[in-house]
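here's a sequence, model it:
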Amino acid sequence: MKICDVVQSFTARSGGIRTYILARQRYFADHDCCEHVLVVPGARDSARQEGRTRIHEVASPFIPGYRPYRFNVRAGRVARILAAEMPDVIELANPFLLSGVAFRHRKRHAACAVVGFYHADFPTAYVAEPVASVWGRRAGRACGGLAEAYARRVYGRYDLTIAASPANIRRLGAMRIGNVAEIPLGVDLGAFDPARADPGALRDLFRPAAGSGPVLIYCGRLDREKQVEVLVRAHQSLPRAAGIRLLMIGEGPLRPAMEAQAAMEPRLVVLPFVTDRIRLATLLASSDLYVTAGPFETFGLSVLEAQACGLTVVGVDAGALPDRVPPGQGRLVPAGDACAMAAAIVSELARDRDERRRTARAWAEANGDWARILDMMLVTYSQLRPARRQA
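Just a heads-up that it's a prediction; the model follows:
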């Protein structure tokens, strides 16, 4: 079986989607029954072979204001790659321009199945909420409704839509999108491990005035969608005598504002996106608690990575986080409530640290094994092919 991943926006800093794609690449390297093709935007047109994966880069422009993210708008180039590769399954990570390319390819080659992965709740996170923040809730609802209609039209044409969490299944159901399968994301349990804890990894990051209290850590985009300002306000609400520090890792439009806050607050450190996964795992395992305020998570891969490193979580009771943070794995508070988050942080840190590390790691091992998850995905793909041949 030949499987082709088509990603419209992809960089070395693409976070969850990149982690997912690279995990698939490693998995397919060990399966002789599969060929893997990856189509991503890049600086220039090129093709190369890495193990069992053939990677096609398509010269694409930067997204204005989101450099170094590129956006592939060259539908003709992608169509020619698909015609040359002739995949059995095409999976799309974004529901935009390139979905139409995949549908036209399927029309010419009916045995090819087209799958969409609902990685982000874009009608809410990228349309309704941003519009509402500028023009008000009424405009946000109207534009969000148009985005949902677009989602219904596109995802309704996929042979299968994959959702990573029960919350996402419910969201797709609310938009009246059928033919959905729940397949979660996983974590590299060998790389992300509590054994990577190294107190020295954090010691030099904070100024002496920060003290030596527990360390909260957040990894992800620094933007309004993730509500990182709420994390900073919650941290500022914590008792200064406790010396609780906050480490934020990531890129995004709010990075300058976060750095300005860090310049005035020795207990706050902001680092750029960490491409070295072992270093990221070391920073996670060396911290005490993972915090996140984003209400639009469709899975929460960074949460699972933190749990694999032995961290429980303080987050918000929204999106996929209730699925990722069951009782015993941390605490959830209402979205946007910095005071409630601060209180939850204090309560969670009061629990025995060793017990928290054991329970978090056990949860990750039980729910995040990539091999088991991708085995499930391969079975799902295999079931699609006979239906497409019959069609």
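
restrict the longest helix seen in the chain to CA atoms and write it as PDB.
In the chain, assigned by DSSP state H, the helix with the most residues is helix 370-390. Listed next in PDB are the C-alpha coordinates belonging to helix 370-390 (Å, rounded to 0.1, in the frame of the first residue of the first chain):
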ATOM      1  CA  TRP A 370       2.700   5.300  18.700                       C
ATOM      2  CA  ALA A 371       3.200   1.700  17.400                       C
ATOM      3  CA  ARG A 372      -0.200   0.600  18.700                       C
ATOM      4  CA  ILE A 373      -1.900   3.800  17.400                       C
ATOM      5  CA  LEU A 374      -0.300   3.600  13.900                       C
ATOM      6  CA  ASP A 375      -1.100  -0.100  13.700                       C
ATOM      7  CA  MET A 376      -4.800   0.900  14.200                       C
ATOM      8  CA  MET A 377      -4.500   3.500  11.400                       C
ATOM      9  CA  LEU A 378      -3.000   1.000   9.000                       C
ATOM     10  CA  VAL A 379      -5.900  -1.400   9.600                       C
ATOM     11  CA  THR A 380      -8.300   1.500   9.000                       C
ATOM     12  CA  TYR A 381      -6.600   2.400   5.700                       C
ATOM     13  CA  SER A 382      -6.800  -1.300   4.600                       C
ATOM     14  CA  GLN A 383     -10.500  -1.300   5.200                       C
ATOM     15  CA  LEU A 384     -11.000   1.700   3.000                       C
ATOM     16  CA  ARG A 385      -9.300   0.300  -0.100                       C
ATOM     17  CA  PRO A 386     -11.800  -2.500  -1.000                       C
ATOM     18  CA  ALA A 387     -14.600   0.100  -0.800                       C
ATOM     19  CA  ARG A 388     -12.800   2.400  -3.100                       C
ATOM     20  CA  ARG A 389     -12.100  -0.400  -5.600                       C
ATOM     21  CA  GLN A 390     -15.800  -1.300  -5.600                       C
END
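
show me the shaky parts of the stretch 1-150 of the chain.
Applying pLDDT under 70 to the stretch 1-150 of the chain picks out residues 12-15.

can you do 50?
For the stretch 1-150 of the chain, no stretch has pLDDT under 50.

show me the helices in the stretch 151-300 of the chain, by range?
Assigned by DSSP state H, counting those that start in this stretch, the stretch 151-300 of the chain shows helices spanning 166-174, 200-203, 228-237, 255-264, 277-285.

and the shortest one, what other elements does it pack with?
Using 3 or more Cβ pairs under 8 Å, 6 or more residues apart in numbering; DSSP states H and E as the contact criterion, the secondary-structure elements in contact with helix 200-203 are helix 277-285. C-beta: built from backbone N, CA, C; applies to glycine.

list the contacts of Arg193.
Quick fix: residue 193 is Asp, not Arg. Shown in contact with Asp193 (Cβ atoms under 8 Å, 6 or more residues apart in numbering): 281, 285, 308-309, 361.

run the last query once more with 7 Å
Asp193 is in contact with 281, 285, 308-309, counting by Cβ atoms under 7 Å, 6 or more residues apart in numbering.

out of the residues you listed, who has the most neighbours?
The most crowded member of the contacts of Asp193, judged by other Cβ atoms under 10 Å, is Cys309 (29 neighbours).

mind giving me the domain split of this protein?
2-117+156-186+369-390, 194-367 (automatic domain parsing).

measure the longest one end to end?
Domain 194-367 has its terminal residues 16 Å apart, counting by Cα to Cα, to the nearest Å.

ok, stretch 24-40 next?
Its first and final residues considered, stretch 24-40 spans 14 Å by Cα to Cα.

what residues sit buried inside it?
For stretch 24-40, the buried set under the neighbour-count rule, 16 or more other Cβ atoms under 10 Å, comprises 24-25, 27-28, 34-40.

nearest to Val333, of those?
Of all these, the one sitting nearest Val333 is Arg24; the distance, using Cβ to Cβ, is 34.2 Å.

sorry, back to before: any chance of the contacts of Asp193 in JSON lines, plus pLDDT and distance to Ser237?
Conversion of the contacts of Asp193 to JSON lines gives the following (pLDDT from 0 to 100; distance: Cβ to Cβ, whole Å):
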{"residue": "Ala281", "pLDDT": "97", "distance to Ser237": "29"}
{"residue": "Ala285", "pLDDT": "98", "distance to Ser237": "26"}
{"residue": "Ala308", "pLDDT": "98", "distance to Ser237": "29"}
{"residue": "Cys309", "pLDDT": "98", "distance to Ser237": "26"}
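
of those residues, which is the nearest to Ala128?
Closest to Ala128, out of all of these and judged by Cβ to Cβ, is Ala308, at 32.5 Å.

correct me, but the closest one touches Ala191?
No: here Ala308 lies out of contact with Ala191, judged by Cβ atoms under 7 Å, at a distance of 8.4 Å.

one step back: show me what the longest helix of the chain is in contact with.
In contact with helix 370-390 (Cβ under 7 Å, 6+ apart) are residues 1, 3, 23-24, 27, 88-89, 110-113, 159-160, 181, 183-184, 186, 188.

just the CA atoms of the helix or strand harbouring Val134, as CSV, please.
Using DSSP states H and E, Val134 sits in helix 129-135. Presented in CSV, the C-alpha positions along helix 129-135 are these (Å, rounded to 0.1, in the frame of the first residue of the first chain):
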residue,chain,number,x,y,z
GLU,A,129,-12.9,33.8,17.9
PRO,A,130,-10.5,36.1,16.0
VAL,A,131,-13.4,37.8,14.2
ALA,A,132,-15.3,38.2,17.5
SER,A,133,-12.2,39.8,19.2
VAL,A,134,-12.2,42.5,16.6
TRP,A,135,-15.8,43.0,15.4
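
Leu92 and Ile17: what is the separation?
11 Å (Cβ to Cβ, to the nearest Å).

cool, Ile183 as well?
Ile183 sits 15 Å away from Ile17, going by Cβ to Cβ.

thank you, goodbye.
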